[in-house]
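Student: based on what follows, work out the 3D shape:
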Amino acid sequence: MTLKDLLVPTFVPMLGALSTWLSKAEQHGTGDRSAELMQARLAPDMFPLFTQICFACVQAQEAMARLRGQEFPDAIAELRGEGVDAGAKVWTIADAQARIAGSIAIVEAAADDLADVAADMPIAHALPIGMIFDFTAAQYARDWAIPQFYFHVMTAYAILRGQGVPLGKIDYVGHLMPYLRPGTIPQRS
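Tutor: All right, here's what the predicted structure looks like:
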């Protein structure tokens, strides 16, 4: 399995699901309080929904750049900054949808460049607080990029649920439906 085979089918469907959840929020009456929804949190010391969306997008975009050996484009820093400063501006569902759509486009455009990335390529991942992790490309993808991405996606899902958006497990695992064996969906009586 290549890093492309691992990351692109992880990032694109889950970003698509995140977009669908936001659309569902609009359809079920939370759209009229879009700015309030973008500031909703699970706990007072956690980032709000808009930040979670930005950070999920950042994780996907950073992985594409890092694994291709590229410097991060300014757009990643801008997206991270929007997330960190989410309370400084009024954000809407439309703003979040634009960040998601842009991230999907970036991941899809970078996909082919990942096909030949060696799994054992060294990755030095420096955090802003000074910590540095030494990974191989495969370790970075498996142990950093995917878990960090899912943390923010799942937190966004939980915030939306907590705000009354009628999401269920099928909304989270909708990407699995192509693998469902025909005729095995239980029938309700």
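Student: what is the burial count for Gly183?
Tutor: Neighbours of Gly183 under the rule other CB atoms under 10 Å: 5. No exception for glycine: its C-beta is placed from N, CA and C like everyone else's.
Student: now Arg68
Tutor: By other CB under 10 Å, the residues close to Arg68 number 12.
Student: could you do Thr92 as well?
Tutor: Thr92 is flanked by 16 other residues according to other CB under 10 Å.
Student: before we move on, what about Arg66?
Tutor: Residues near Arg66, counting by other CB under 10 Å: 21.
Student: go on, His152?
Tutor: So His152, with other CB under 10 Å, has 22 neighbours.
Student: for it, give its distance to Asp116.
Tutor: Separation of His152 from Asp116 (CB to CB, to the nearest Å): 28 Å.
Student: try Ser103
Tutor: In terms of CB to CB, Ser103 sits 23 Å off from Asp116.
Student: between those two, which one's more packed in?
Tutor: The neighbour count for Ser103 versus Asp116, taken as other CB under 10 Å, is higher for Ser103 (27 against 9).
Student: which one is that one nearest to, not counting chain neighbours?
Tutor: In space, Ser103 comes closest to Cys57 once its chain neighbours are excluded; the distance is 3.9 Å by CB to CB, 6 or more residues apart in numbering.
Student: that neighbour reaches Glu78, doesn't it?
Tutor: No. At 11.1 Å, Cys57 and Glu78 do not qualify as touching, with contact defined as CB atoms under 8 Å.
Student: give me the more crowded residue out of those two.
Tutor: Cys57 (31 against 12).
Student: in which helix or strand would I find the more buried one?
Tutor: Using DSSP states H and E, Cys57 sits in helix 49-67.
Student: please name the nearest non-neighbouring residue to Asp143.
Tutor: Phe135 (6.9 Å).
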